[in-house]
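Engineer: The following comprises the amino acid sequence and a computationally predicted model.
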Amino acid sequence: MASLLDNKISKLYSRRKLQSPVDWAFNNCTLRDNISELPGSLRIFPYAKQPLEDLIDPYVNKVTLCWGSQSSKTTTMYAGIAYLLSEFPKDTLWIMPSAENARQFSKGRWLPFIDDCKPLKEQCPLSIATGRVDSEKITNMRQEFLSCTLTFAGAGSENNVKSAPVAYLVLDEIDEIDPDIRLAALERIKGRRQYKIIQTSTPKDEQGGIWEEYLYGDQRKYKMPCPHCDEKIEFTWRQTDKDGKLRYSVAFNEDAKLEDGYDFELVTSSAYYRCPECDGKILDAHKPNMIKNGEWVSDNPNAPRGHHSYHLNSMYAPAMTFASLMVAWLQVCHSTHGLKKFVQGNLAEPWREDWANQDQADANQLELDYQQGDLKGEVRILSADTQSESFWFVVRGFNRDGDSYLIDCGQVATFAELDGKYDQHTCQCAIIDCAGNRTAEIYEEVHKRRSKWFGSRGWKTLQGDQPYRMQMKDPFTGDNKGRAGKSKIRYLHVNKSLYEDELARLRSAQISGFYTFTDTPKVYYDQLFATYWTKETDRSGHIKVVKKVKRNRGDHLWDCEILARALSKFVGIARIDVDQDITPKPKKVRGGRSATSFWS
C-alpha cells in the first residue's frame, strides 16, 4: 500500500514531459469530415511545423501567417491555440471580422473541435446538475475553461475588444478588421512580458493589413530542393529564367492554346512547374518530398526580434495542383476582378495599385517574336489621336480570346496617310478622337468613311459606369435625336477611367494577352508608360489618387490604345456574352452624362 502511495506522490510531483505542438496536435486533435477533406488525426504539413514551434519559443511573441487558400492556414492556427490553452493555459482573445463570423466559426468548427480534443475537453467545467459540460460557461462566444478563458469577439466595435488583459491575442483575417480595432485589441496585452500575437489573413491591400505585417517581420519563405538539380527554390507564379527574362513558372503544351481559347484538358494533362535553375520539369508528384525537405528562410535580417512572419502561396498546398492553378489563371487573366481574386487568394499577394506604375525598363516583357507590320490577330483596328497638325496612330490586331498584338504605330501628317495605314494592314474598322480644335474637319473625314470609321470622345466616367456609349451623330448639325438620319456617323463615347485602369494592368502584364513586336520603337514605350498615378492630400486632409503624365513624354499612343481597346469590346472581340460577329453594328442609346473631354 505504501509503495502504491509513493508512486502516486512521485507521479504527482514529477516533471511532466512536454510534447512538441506538432506531436501534441497529432495525438490529441481530430478533424471531422465536415470540417476537413482530410478527417482523422490532425497531420501538420511540413511547412506548418515551424510556425507551431514558435508558440513554445520564449523569444517569439508575434507570428504572422500571410498564406493563400487551401494551405491549412486556419487549421494550423486553431491547432496552435488549442495547444496553448491545454499546455500553457492563459486568457485568450480571438477576434474575427464580425460577431457573426465568430459565432458561426465557434459553433460550427471550434466547439466540435474541442469536443474531439481530450485535453481541452477535460478543461471544460461540468454542470453540477447534469454532470455534463456546463453550457452556461462554455458558449459560442466565451469559453470559461478551468484554468483560463477564451473569448471570441467581432471587430465591429471597439467595445467588443476592450476588457481585461489577455496573454494570447488572435487576429483572424486581419485585412477585414479595421486598423483602429486592431490597435484597441493590442492594448489588451500591453505591459505583459510574456505574450503571443497570432495573426493570419489572405492579403487585400499593401497598407494596413497582413502584407504590411509580413514586411515588418522577418519575411520567411519556404525553400525546397529541386528534384533534378537539388538547388533550393521557392514556388512563385512568375520567375526569372537563366537569361534574365521574366516568364510564368507553370508551363504547358503549346497546342493547348486554340484560336478561341484553351483546351483545358490538355492544359491539365501537360502542366508542370519549371525549375528556375535547371529548367527541370517539376510535377505534382514531386511536391510532397520537396515540401518534406524544405525549410523556412528569412529575408529580412533587420526585423524586430521576436516577430516571425511567413508567406506561402497556394502552389504549396497539397490539395492544389499546378494544372488547377493554371486553369484558374487562364479563366480570369483577362478580367481585372477575377485576376484580383486570384492574386489575393491563391498567390497570397496584395492587389498592388502601383503595378499600374510599372517601370518602363520591364517593357520588353511585352515583346513577342514577330516584326512590325506582320498581320497578327483576327480583327485589326486602327485608332488615331488628333493633334493640331498631325495624327498619332496605332494598329492593333485582336483575337477572339482577348489576346492583342501591336502591328504598327507612329505619327502621320494627313488623313490620307491614315488611309494608307488602314489599307496596308487590312484593317476591319477604325476609330479617331474628335475632340479639340479640329472637330468639324474630323467629323467630315469620318463621314466620308462612315462604313468603317467611328468618331469618339473620352469622358472621365459615363452614367451607370458604362464602359462605352454609342450614338449616331449628324456631323454637320450635331443632331443625335434621329431627325436627320441620312448623314449620321457612329460616335463612341468611351469611359476613359475604366479603360485606363485596364490598360495600365495590361502594360505591366498583370493582365495577360497584350503584346508588342520585336524592337518596338522607344517612342511607343515612352508614351505607353508616360501615364502614372500618385496619391495626394487635399486641403481638407482627404487622400485622393491623381493621374499624371511624365514630363516631356506625351501620352498620345496611350490614348490610341484605349480607343482601340474600347472599339474591340464594342464590336464583340473577347466578349463571351454576345454573338461574335465582328461587323460593327450601330446602336442607338439615348441620354448621357455631360462631362469635359480630356483626350487632348
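Structural biologist: Received it, and whenever you're ready, just let me know what you need.
Engineer: measure A285 to P318 for me?
Structural biologist: According to CB to CB, to the nearest Å, A285 stands 12 Å off from P318. (C-beta placed from N, C-alpha, C; glycine too.)
Engineer: Report pLDDT for the nearest residue to G377 once chain neighbours are set aside.
Structural biologist: Spatial nearest neighbour of G377, excluding adjacent residues (CB to CB, 6 or more residues apart in numbering): G397 at 2.1 Å. For G397, the pLDDT comes out at 96.
Engineer: secondary structure class for G397?
Structural biologist: What DSSP: H, G, I helix; E, B strand; the rest coil gives for G397 is strand.
Engineer: And for it, the neighbour number?
Structural biologist: Look at G397: counted by other CB atoms under 10 Å, it has 25 neighbours.
Engineer: What residues are bridge-paired with it?
Structural biologist: R380, Y405 (DSSP bridges).
Engineer: if we can go back for a sec, who's more crowded, A285 and P318?
Structural biologist: A count of neighbours by other CB under 10 Å puts P318 above the other of A285 and P318, at 15 against 8.
Engineer: Put the alpha carbons of stretch 117-137 into CSV.
Structural biologist: Below are the C-alpha coordinates for stretch 117-137, written out as CSV (Å, rounded to 0.1, in the frame of the first residue of the first chain):
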residue,chain,number,x,y,z
CYS,A,117,-9.8,17.1,-28.3
LYS,A,118,-9.4,15.2,-24.9
PRO,A,119,-7.0,17.7,-23.2
LEU,A,120,-9.3,20.6,-24.0
LYS,A,121,-12.5,18.8,-23.1
GLU,A,122,-11.0,18.0,-19.7
GLN,A,123,-10.6,21.7,-19.2
CYS,A,124,-14.3,22.3,-19.6
PRO,A,125,-16.2,22.8,-16.3
LEU,A,126,-19.1,20.4,-15.7
SER,A,127,-22.6,21.3,-14.6
ILE,A,128,-23.4,20.1,-11.0
ALA,A,129,-26.9,19.4,-12.1
THR,A,130,-26.3,17.3,-15.2
GLY,A,131,-22.7,16.2,-14.9
ARG,A,132,-22.1,17.3,-18.5
VAL,A,133,-20.2,20.3,-19.9
ASP,A,134,-21.6,23.4,-18.3
SER,A,135,-23.4,25.1,-21.2
GLU,A,136,-23.5,28.4,-19.3
LYS,A,137,-19.7,28.6,-19.1
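Engineer: now that stretch: mean pLDDT?
Structural biologist: Mean predicted lDDT for stretch 117-137 stands at 88.
Engineer: what's the offset of it from the middle of its chain?
Structural biologist: 44 Å (CA atoms, centre = their mean, to the nearest Å).
Engineer: do you know how far L84 is from Y78?
Structural biologist: 11 Å.
Engineer: no wait, D172
Structural biologist: In terms of CB to CB, D172 sits 9 Å off from Y78.
Engineer: so T151 bridges to which residues?
Structural biologist: In beta-bridge terms (that is, DSSP bridges), T151 pairs with L93, R142.
Engineer: Confirm for me that it is in contact with R142.
Structural biologist: Yes - with contact defined as CB atoms under 8 Å, T151 and R142 form a contacting pair (5.1 Å).
Engineer: higher neighbour count, the two?
Structural biologist: Using other CB under 10 Å, the more surrounded residue of T151 and R142 is T151, with 20 against 13.
Engineer: Show the contacting residues for that one.
Structural biologist: Neighbouring residues of T151 by CB atoms under 8 Å, 6 or more residues apart in numbering: 91-94, 141-143, 163, 166.
Engineer: Can you add pLDDT and distance to N289 and give those residues back as TSV?
Structural biologist: As requested, these are exported to TSV (pLDDT from 0 to 100; distance: CB to CB, whole Å):
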residue	pLDDT	distance to N289
D91	92	42
T92	92	37
L93	91	40
W94	92	35
M141	92	43
R142	92	44
Q143	92	40
S163	69	47
V166	89	41
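Engineer: Of those, just say which sits nearest to A348.
Structural biologist: W94 (21.7 Å; CB to CB).
Engineer: Neighbours of the closest one, how many?
Structural biologist: By other CB under 10 Å, 24 other residues sit near W94.
Engineer: The one 10 residues further on too?
Structural biologist: With neighbours defined by other CB under 10 Å, the count for Q104 comes to 14.
Engineer: And the strands in the stretch 1-150 of the chain, which stretches?
Structural biologist: Using DSSP state E, counting those that start in this stretch, the strands of the stretch 1-150 of the chain run over residues 30-31, 40-41, 62-67, 92-96, 142-144, 149-154.
Engineer: Could you list the low-confidence segments of the stretch 351-500 of the chain?
Structural biologist: 352-362, 460-465, 477-486 (pLDDT under 70).
Engineer: Try it again at 50.
Structural biologist: 483-484 (pLDDT under 50).
Engineer: now do the stretch 201-350 of the chain
Structural biologist: Within the stretch 201-350 of the chain, no stretch falls below the threshold (pLDDT under 50).
Engineer: Show me where it has its strands.
Structural biologist: Along the stretch 201-350 of the chain, the segments classed as strands by DSSP E, counting those that start in this stretch run 220-225, 232-233, 238-240, 246-248, 250-251, 257-258, 261-262, 272-274, 281-282, 295-298, 307-312.
Engineer: Which elements pack onto the fifth one?
Structural biologist: For strand 250-251, the helices and strands in contact under the criterion 3 or more CB pairs under 8 Å, 6 or more residues apart in numbering; DSSP states H and E are strand 272-274, helix 322-332.
Engineer: can you list contacts of the first one?
Structural biologist: When you say that, I think you mean strand 272-274. By CB under 8 Å, 6+ apart, the list of residues contacting strand 272-274 from outside reads 235, 239, 241, 247, 249-252, 280-283, 315, 322.
Engineer: Now do that strand: distance to the chain's middle.
Structural biologist: On CA atoms, centre = their mean, the centre of strand 272-274 falls 21 Å from the chain's centre.
Engineer: again, but for the longest one
Structural biologist: The chain centroid and the centroid of helix 322-332 are separated by 14 Å, computed with CA atoms, centre = their mean.
Engineer: in it, what counts as buried?
Structural biologist: For helix 322-332, the neighbour count (16 or more other CB atoms under 10 Å) marks 322-330, 332 as buried.
Engineer: Does anything pack onto that helix? Which helices or strands?
Structural biologist: Helix 322-332 packs on strand 250-251, helix 264-270, helix 336-345, going by 3+ CB pairs under 8 Å, 6+ apart.
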